[in-house]
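# Show me how the following folds:
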Amino acid sequence: MRQLRLAKDAMDRDWAEPGLDLGVVAAHAGYSRYHFIREFKEAYGETPGQYLTHRRIERAEEMLRSADLSVTEICHLVGFSSLGTFSARFKARTGLTPSEYRSEHVGRGAALIPGCYAMLWAGGFPSATLKKRAAAHPAYGEEGEQEATSISTSSDRSAEP
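Sure thing, here's the model as predicted:
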């Protein structure tokens, strides 16, 4: 269980990395990818990919409520590389599109943080170097059986068999 917590902590720490993949996280636990998926699901009730998607959506909800950033900017800041995938996953989780969520929740608290400050705090968009690195190390698939081998949530990357 200690090894699984180390891997879960790594996902909690590096959730915004679009290239976060199953191999890296499984290595934190000292397991093979497939053994890690089975053990993680048994311990936490969801696959590592589902867990990471939930963490990213939670961060996106917070940003939609508090930061004056576009949905596309938030999509990239929370680790998604595809706006379509982000919107679909967000709606599946919350029942609302990101824009609908913002409309319902903005104005119920403090003023929005200006986008430039939010971007500075989050480290801005990934540089071209990070995009090249992510392309060199493709992430895994999206849903269903592919999600069992996936932690990345980008739909524009091919699934590994």
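
# Next up, the contacts around residue 105.
Applying CB atoms under 8 Å, 6 or more residues apart in numbering, we find residue 105 in contact with 61, 64-65. All C-beta atoms are positioned from the backbone trio N, CA, C, and that covers glycine.

# Show me the helices in this structure, by range?
Taking DSSP state H, the helices of the chain run over residues 2-13, 22-29, 33-44, 48-66, 71-77, 83-94, 98-105, 115-122, 128-136, 144-147.

# For residue 15, give me the pLDDT.
Residue 15 carries a pLDDT score of 80 in this model.

# what do you get for residue 141?
At residue 141, pLDDT is 43.

# on that earlier part again, lowest-confidence stretch among the helices of the chain?
When those are compared by mean pLDDT, helix 144-147 comes last with a mean of 41.

# out of the contacts of residue 105, who has the most neighbours?
Sorting the contacts of residue 105 by how many neighbours each has (other CB atoms under 10 Å) puts residue 64 first, at 24 neighbours.

# so it makes contact with residue 77?
No. If you go by CB atoms under 8 Å, residue 64 and residue 77 don't touch, sitting 11.0 Å apart.

# Apart from its neighbours in sequence, what residue is nearest residue 44?
Leaving aside its sequence neighbours, residue 44 sits nearest to residue 51 (CB to CB, 6 or more residues apart in numbering; 6.3 Å).

# residues in contact with that neighbour?
Here residue 51 is in contact with 8, 11, 40, 44 (CB under 8 Å, 6+ apart).

# cool, residue 46 as well?
Residue 46 neighbours (CB under 8 Å, 6+ apart): 40, 54.

# please redo it, this time with the cut-off set to 10 Å
Taking CB atoms under 10 Å, 6 or more residues apart in numbering as the criterion, residue 46 is in contact with 40, 52-54, 147.

# what's the closest of those to residue 1?
residue 40 (10.7 Å; CB to CB).

# what about the nearest residue to the closest one once chain neighbours are set aside, how many neighbours?
Once flanking residues are discounted, residue 40 sits nearest to residue 48: 5.1 Å by CB to CB, 6+ apart. Number of residues near residue 48 (other CB under 10 Å) recorded here: 30.

# What does the pLDDT read for residue 109?
pLDDT recorded at residue 109 is 54.

# let me redo that: residue 70
Listed pLDDT for residue 70 reads 92.
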